[in-house]
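> Okay, predicted coordinates and the sequence, questions at the end:
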Amino acid sequence: MTAAPRDGGVADAGAGPNRFGALFAWALYDLANTTFSLNVVSRYVPLLIVEDLGGRDLDVSVAYSGAMVLVALAAPLLGALSDFSGRRIPFLAVTTLVCVGATALMGFGRPAGLVLGLFAVATFFYQAALVFYDALLANVSDETNRGRASGFGIALGYGGSIFSLYSVSPVAEHWGKAAAFPTTAAIFLAFALPCLLMVPDGPGGALWRRGLARETVARVAATLRRVPRLPGLGRFLAAHFLYTDAVNTVILFMAVYATRVGGFASAEVTRLLALSTVFAIVGAFGCGPLIDRVGAKRALYAALACWAAGLALALGAPAKGALWLVGPITGVALGATWAADRVLMFRLSPPEALGELYGVYGMVGRFAAITGPLVWGVVVYALEDTGALAYRAAIGALLVMLLTGAWVLRRVPAV
């Protein structure tokens, strides 16, 4: 088995301009997948289902969480398969194209069951692609610039997402929310292609052979048994589960919260998401050098502190104006969290099992994405007669998860 090296070999991707070209192409994929996260997950699916098709928050939660159950189970196997060949790009290409196709088909717009089914398929392949994409960080950076490379990808992704947000919004306003999905799919594909075509991959090898499935399952089982013996990795994954639980749920229901609690109109929701995205760029760019200077763990703590402040403000926001402050605070936190989180995982993982352990990392994050939305949906459903109070209670539950994750993180090695 050939694993992508941590630094050296194919990961060097040449030098000078060639290396920056590979990094830029890789970072463009962050733009592509953030476009999906923003326009599909955060912006239009929840509002289409809740406002136009007569569904509930819980319906969106179940579709999203169901996809996450499947990808959580599949992620370690996918990572192990990519480690077998030492290649990530072919797997990234397949998962990306299926996600793009399912997203485009959501443009049918009704019935709700069709939209939610396609949303679940698109979400599964979107999340599966991240297993391969995150591991490609080794191919475009080394230990001297890992944090800056990660932060650059996050920042470029959020910067481009402002473009995609304002590109898709006029389409949705004119032709309806369902029209946002094929438009988003086209933008996703356009910005994903440079990564698929220009980022150096591992040496060519067979992607499959007879008996590989059985060996992969055995290897994943061995990796899972190994996790507790790797210093700090088990605790990090437990913390990652908790704070990712909160973060993913905020992303999913931010537009609904702004509408139901803040009384935001559609155009105001777009401006709020754009404002949050601008500050996510600031958070990602600012966190990259911070990671390289003080370590990924300390940078991650700073991001979680911003999250706690933003959620506390949202919980007690007395009026609409306060939510205009929540957007920038959580935006900074979001960009910084993803920049620091994946670098900390990288530095806690031995290079020979990088793909497998990113698969485990993906599995943990996806299970987190199951419980958070379900908690949100159940809380809102149980308290639906209380109006805005139900949504404030859901935010309170997320704040508790986040703070618990920060507490668990305290004993992870500072790297």
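Alright, I've got the coordinates. Residues are numbered from 1 along each chain as shown.

> Give me the distance between the two termini of stretch 291-301.
Its first and final residues considered, stretch 291-301 spans 11 Å by Cα to Cα, to the nearest Å.

> can you give me the offset of it from its chain's centre?
With Cα atoms, centre = their mean, to the nearest Å as the basis, stretch 291-301 stands 19 Å off its chain's centre.

> same check, this time on stretch 222-239
Counting by Cα atoms, centre = their mean, stretch 222-239 comes out at 21 Å from the chain centroid.

> could you dump that stretch to PDB, C-alpha only?
C-alpha atoms of stretch 222-239 as PDB (Å, rounded to 0.1, in the frame of the first residue of the first chain):
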ATOM      1  CA  ALA A 222      -7.500  -2.400  13.200                       C
ATOM      2  CA  THR A 223      -7.300   1.400  12.700                       C
ATOM      3  CA  LEU A 224     -10.200   2.000  15.000                       C
ATOM      4  CA  ARG A 225      -8.500  -0.200  17.700                       C
ATOM      5  CA  ARG A 226      -5.300   1.800  17.100                       C
ATOM      6  CA  VAL A 227      -6.900   5.200  17.700                       C
ATOM      7  CA  PRO A 228      -6.900   5.100  21.500                       C
ATOM      8  CA  ARG A 229      -3.100   4.300  21.500                       C
ATOM      9  CA  LEU A 230      -2.300   7.400  19.400                       C
ATOM     10  CA  PRO A 231      -1.500  10.300  21.800                       C
ATOM     11  CA  GLY A 232      -4.400  12.700  22.000                       C
ATOM     12  CA  LEU A 233      -6.200  11.500  18.900                       C
ATOM     13  CA  GLY A 234      -9.100   9.800  20.700                       C
ATOM     14  CA  ARG A 235      -9.800  12.800  22.800                       C
ATOM     15  CA  PHE A 236      -9.500  15.100  19.800                       C
ATOM     16  CA  LEU A 237     -12.100  13.000  17.900                       C
ATOM     17  CA  ALA A 238     -14.400  13.100  20.900                       C
ATOM     18  CA  ALA A 239     -14.100  16.900  21.100                       C
END
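
> which other residues reach that stretch?
Applying Cβ atoms under 8 Å, 6 or more residues apart in numbering, the contact partners of stretch 222-239 are 76, 80, 344-345, 348-350, 353, 356-357, 360-361, 364, 405-406, 408-409, 411-413. Glycine gets a C-beta too; all of them are placed from N, C-alpha and C.

> which among those end up buried?
76, 80, 344-345, 348-349, 353, 356-357, 360-361, 364, 405-406, 408-409, 412 (16 or more other Cβ atoms under 10 Å).

> which residue sits closest to residue 190 in space, ignoring its chain neighbours?
residue 32 (7.7 Å; Cβ to Cβ, 6 or more residues apart in numbering).

> I'd like the next helix or strand past the strand or helix carrying residue 58.
For residue 58, the host element (DSSP states H and E) is helix 57-85. Using DSSP H and E, the helix or strand that directly follows helix 57-85 along the chain is helix 89-105.

> quick one, that next one and helix 57-85 angle?
If you take axes from the mean of the first three to the mean of the last three Cα atoms, to 10 degrees, helix 89-105 sits at 160 degrees to helix 57-85.
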